[in-house]
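S.K.: quick check, what structure comes out for this input:
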Amino acid sequence: MLSLEEIIHCGKAPDDLDPAKLEQTKDLLDRVNKVRAAYGKPMTVTSGIRTWADHLRIYAAKGITDVSKIPKASHHLETVIDSAAVDIADPGLVITAWLKGDGAAVLEDAGLYCEQGNSNWVHFQNVAPKSGNRWFLP
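M.R.: Residues are numbered from 1 along each chain as shown. Below you'll find the predicted structure:
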């Protein structure tokens, strides 16, 4: 199973997070571990809860340095209290295919939402996007 430290993933101790954000992150961990248990294979976190500096670094690596083009309400950010998000490595989108097929009921039961269009990871968040769709485009 995944650990709280893996989900936080920004070098902060759990107690260093805002208490509300910590509760959201624990909720995300419980939900993702339901999926992990049903999937039955290891899952590797590539990005979880982030500091703003880490967020800027990730976007800079994508060639995006204009701060006006960087999402300030990303559910990965430690400052966004209403949700938490984690990315799981998914080369070949094998997990994604499972979640859209045999694992769809597990995803719904866990109350998780996933981004469409990623190339080698699956993004989970524990709050519905504005569209309300289980799979959404950011």
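
S.K.: contacts, neighbours, all on C-alpha from now
M.R.: Fine.

S.K.: how about residues contacting the longest helix seen in the chain?
M.R.: Looking across the chain with DSSP state H, the single longest helix is helix 19-39. The contact list for helix 19-39 (C-alpha atoms under 8 Å, 6 or more residues apart in numbering) reads 1-4, 7-8, 14-15, 42-43, 49, 78-85, 103, 106-107, 110-112, 124-126.

S.K.: which among those count as buried?
M.R.: Buried members of the contacts of helix 19-39, counted by 16 or more other C-alpha atoms under 10 Å: 2, 4, 7-8, 14, 43, 49, 78-81, 83-85, 103, 106-107, 110-112, 124-126.

S.K.: next one: phi and psi at the nearest residue to Trp135 once chain neighbours are set aside?
M.R.: Excluding its sequence neighbours, the residue lying closest to Trp135 (C-alpha to C-alpha, 6 or more residues apart in numbering) is Cys114, at 4.9 Å. According to degrees, to the nearest 10, the main-chain angles of Cys114 amount to phi -130, psi 150.

S.K.: how far away is Cys114 from Gly132?
M.R.: For Cys114, the distance to Gly132 equals 11 Å [C-alpha to C-alpha, to the nearest Å].

S.K.: who's more crowded, these two?
M.R.: A side-by-side neighbour count of Cys114 and Gly132, using other C-alpha atoms under 10 Å, places Cys114 first with 26 against 10.

S.K.: how close does the more buried one sit to Asp15?
M.R.: Between Cys114 and Asp15 the computed distance is 27 Å (C-alpha to C-alpha).

S.K.: repeat for Ser68
M.R.: From Ser68 to Asp15 the distance is 31 Å (C-alpha to C-alpha).

S.K.: what number of residues lie near Arg31?
M.R.: So Arg31, with other C-alpha under 10 Å, has 20 neighbours.

S.K.: can you read off the pLDDT for it?
M.R.: What the model reports for Arg31 is a pLDDT of 98.

S.K.: likewise Lys12?
M.R.: Here, the pLDDT recorded for Lys12 equals 86.

S.K.: what number of residues lie near it?
M.R.: 14.

S.K.: quick one: secondary structure of it?
M.R.: Under the three-state scheme (DSSP: H, G, I helix; E, B strand; the rest coil), Lys12 adopts coil.
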